[in-house]
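Chemist: Show me the folded form of this:
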Amino acid sequence: MSHSYKELIAWQKSMALVKSIYLRTRGFPKEEVYGLAAQLRRAAVSVPSNIAEGQGRLSKKEFKHFLSLARGSLLEVETQVLIAADLHYLSSEIAHDLETQAQEVLRIINALMNSLAC
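Modeler: The predicted model follows:
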């Protein structure tokens, strides 16, 4: 395991996704500030947070559990991006870019989980 969660590519890429989500949700309608925008931001923030927390745990089994939680949050992000696109809060191009970022993080998390055979 890495010495620091900050060294993990999954954490680095998920932090980039959080930044993208925050930048893209700024343009959501005012009535969505506490709705979809907030939910999307919380789900995105949950991904690197769970990766960091899991890496700090004492066992591979616990780390894998937190990576699983991060995966779930990523799938929430993807779903909420699709909802935002359907509601025309995001252009299809921006939604596609966010989905691509999320898919990349998902692949990295899956590979990391597979490397933690327990």
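Chemist: so where's the chain shaky on pLDDT?
Modeler: The chain contains residues with pLDDT under 70 at 1-2, 118.
Chemist: Helices of the protein, start to end?
Modeler: Per DSSP state H, the chain carries helices over the ranges 9-25, 36-55, 60-86, 92-115.
Chemist: Other residues contacting the last one?
Modeler: Under the contact criterion CB atoms under 8 Å, 6 or more residues apart in numbering, helix 92-115 has outside partners 8-10, 13-14, 16-17, 20-21, 24, 47, 51, 64, 67-68, 70-71, 74-75, 77-78, 81-82, 84-85, 90. For every residue, glycine as well, the C-beta is placed using N, CA and C.
Chemist: now the first one
Modeler: For helix 9-25, the surrounding residues in contact (CB under 8 Å, 6+ apart) are 5-6, 37, 40-41, 44-45, 47-48, 51-52, 55, 67, 70, 74, 77, 84, 90, 94, 97-98, 101-102, 104-105, 108-109, 112.
Chemist: Which entries within the residues you listed meet the buried criterion?
Modeler: When the contacts of helix 9-25 are checked for burial by 16 or more other CB atoms under 10 Å, the buried set is 5, 37, 40-41, 44-45, 47-48, 51-52, 55, 67, 70, 74, 77, 84, 90, 94, 98, 101-102, 104-105, 108-109, 112.
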